[in-house]
Each structure stands twice: as C-alpha cells, then as structure tokens.
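Chemist: sequence first, then the predicted structure, then my questions.
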Amino acid sequence: SQQGEEDPQALSIQEGENATMNCSYKTSINNLQWYRQNSGRGLVHLILIRSNEREKHSGRLRVTLDTSKKSSSLLITASRAADTASYFCATGFNTDKLIFGTGTRLQVFP
Amino acid sequence: GAGVSQSPSNKVTEKGKDVELRCDPISGHTALYWYRQSLGQGLEFLIYFQGNSAPDKSGLPSDRFSAERTGGSVSTLTIQRTQQEDSAVYLCASSLRTGVVYFGPGTRLTVL
C-alpha cells in the first residue's frame, strides 16, 4: 500500500500564482523527497529534506517537514506553464525502499 | 555520466507470453528499484535490491513476477504468462545507499 498521500489530487492555477501541495505519511522516516513527473515517464528529483530539518529551499521551491504531524508541503512560487506536471512525495528510512505517494497533478495556465 | 537506462522503451505482447524488461543503473549505485505505474496512477513499489542483501520482494503482485540483479549491476524484471492488467509503465531507479533516487525513462508494456 502507499506510504504517502498527496493533497490535493489535482490543482489548477494561473501563471504567477503559488502552488501548494501537501503530503502525509504513516511511518517513521529519515528523509522525504519530492519528485516531478512529466508525461507519465521517468521522475525527476526536486528536493530532499531530512527528518531533522524543518524547511528547505531550492530556487522557487520551498519544502517544509513536520515530523510530529507526519506531513510535508511543497510550495512552488511564481508558477510557470512549464511547471505543469505531476508531483510526488516519497519517504524513506535509512536504506529502506522509497515509497511514493499518490501524486498531485498540477496544471498551470498561461 | 550516463543515467539509468531501460530497454525496451516500448513492448507490445500477447496475453500469455513472457516478457523481460532490462534496467542498467548508474554505475556504482548500490540500490536498485522497480516500480509500476498504471495510467494516471501513482507509483506502485515492486522490488528493491540493496547491495548484496536479500532483495525486498514485498511489492511483487504475483508469482508471475520475478526480478534478478546480476553482479550488483544490471537488473531484469520478468513477467511470465502476461495478463492485460500487467499493462503499465515499468520504472527502474537506482541510488547510492541513501539519498536521491534517479529514475530511468521507463518501459511501456502493453498486453493485448
């Protein structure tokens, strides 16, 4: 079964707006990662946050992690049409397999 | 350097046939993963190899599915007696012991 669940399942916004996606997970982790997938093929890593970190930035991306609530959020600021994709969170513990959430489909309209 | 590669990129087969999907991970990566993704769905974990440890096969959906990793490098996912519900994109990924996972482009399997 899936470890994580993203919320919302789908999100539509206009270019320039911010997009926020949330991820909840069930078990202990030592890192959480966000990935992007275009056109149903390979995933691209966006950002990794470790369990002892609360917030991390990378360009227009901001990730937060709340281990007490077992949740994470991904914020994309000043969105662009090229950000249109599916976004997945994935959780891992030490050398364990990564388990992916169900994904959020983001549509950014020009 | 080269990323994760998978072959074939597309495979069309008839119900009941066996198929083999190949994955070449990034050189030096000890961990290798197979996932399956049906149209519009999330990633379903299938199997995980880490170094010389016994693989985690807990995600394999039936005994028709098997995978091996030879010499700690190339991996082959085999599906025997394919069924229509096996149609999906099969994604391989690799990583160092911990950290970022790098995905291949996937093999799109269509079972007629």
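Modeler: Thanks, I have it.
Chemist: name the element the residue nearest the centre of chain B belongs to?
Modeler: Closest to where the C-alpha atoms of chain B average out (CA atoms, centre = their mean) is residue B:34, at 3.5 Å. Using DSSP states H and E, residue B:34 falls within strand B:31-37.
Chemist: what about the strands in chain A?
Modeler: Listed in chain order, the strands of chain A (DSSP state E) span residues A:5-7, A:10-14, A:19-24, A:31-37, A:43-50, A:55-58, A:61-66, A:71-76, A:85-92, A:99-100, A:104-109.
Chemist: name the helices or strands packed onto the shortest one?
Modeler: Applying 3 or more CB pairs under 8 Å, 6 or more residues apart in numbering or on different chains; DSSP states H and E, we find strand A:99-100 packed against strand A:85-92. For every residue, glycine as well, the C-beta is placed using N, CA and C.
Chemist: which residues of the chain score low on pLDDT?
Modeler: All of this refers to chain A. Where chain A drops to pLDDT under 70, the residues are A:1-4, A:40, A:94-96.
Chemist: looking at chain B here, not the other one
Modeler: For chain B, the stretches flagged by pLDDT under 70 are B:1, B:98.
Chemist: spell out which parts of it neighbour chain A.
Modeler: B:4, B:31, B:33, B:35, B:37, B:39-43, B:45, B:48, B:50, B:56, B:89, B:91, B:93, B:97-106 (CB under 8 Å from any CB of the partner chain).
Chemist: hmm, 6 Å instead?
Modeler: Applying CB under 6 Å from any CB of the partner chain, one finds that chain B approaches chain A through B:42, B:43, B:48, B:50, B:56, B:97, B:100, B:101, B:103, B:104, B:105, B:106.
Chemist: what is the nearest of those to residue B:10?
Modeler: The shortest gap between residue B:10 and any of the residues of chain B next to chain A belongs to residue B:106, at 9.5 Å (CB to CB).
Chemist: how close does the closest one get to residue A:54?
Modeler: According to CB to CB, to the nearest Å, residue B:106 and residue A:54 sit 34 Å apart.
Chemist: those two: which is more packed in?
Modeler: Neighbours were counted for residue B:106 and for residue A:54 using other CB atoms under 10 Å in any protein chain shown; residue B:106 has more, 26 against 11.
Chemist: switch the strands of chain A over to JSON lines; also include distance to residue B:111.
Modeler: Formatted as JSON lines, the strands of chain A follow (distance: least, CB to CB, whole Å):
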{"stretch": "strand A:5-7", "distance to residue B:111": "29"}
{"stretch": "strand A:10-14", "distance to residue B:111": "28"}
{"stretch": "strand A:19-24", "distance to residue B:111": "32"}
{"stretch": "strand A:31-37", "distance to residue B:111": "23"}
{"stretch": "strand A:43-50", "distance to residue B:111": "23"}
{"stretch": "strand A:55-58", "distance to residue B:111": "39"}
{"stretch": "strand A:61-66", "distance to residue B:111": "38"}
{"stretch": "strand A:71-76", "distance to residue B:111": "35"}
{"stretch": "strand A:85-92", "distance to residue B:111": "24"}
{"stretch": "strand A:99-100", "distance to residue B:111": "23"}
{"stretch": "strand A:104-109", "distance to residue B:111": "26"}
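Chemist: closest one to residue B:76 among these?
Modeler: Residue B:76 sits nearest to strand A:43-50 of all the strands of chain A, at 21.2 Å, using CB to CB.
Chemist: next, the angle from that closest one to strand A:31-37.
Modeler: 160 degrees (axes from the mean of the first three to the mean of the last three CA atoms, to 10 degrees).
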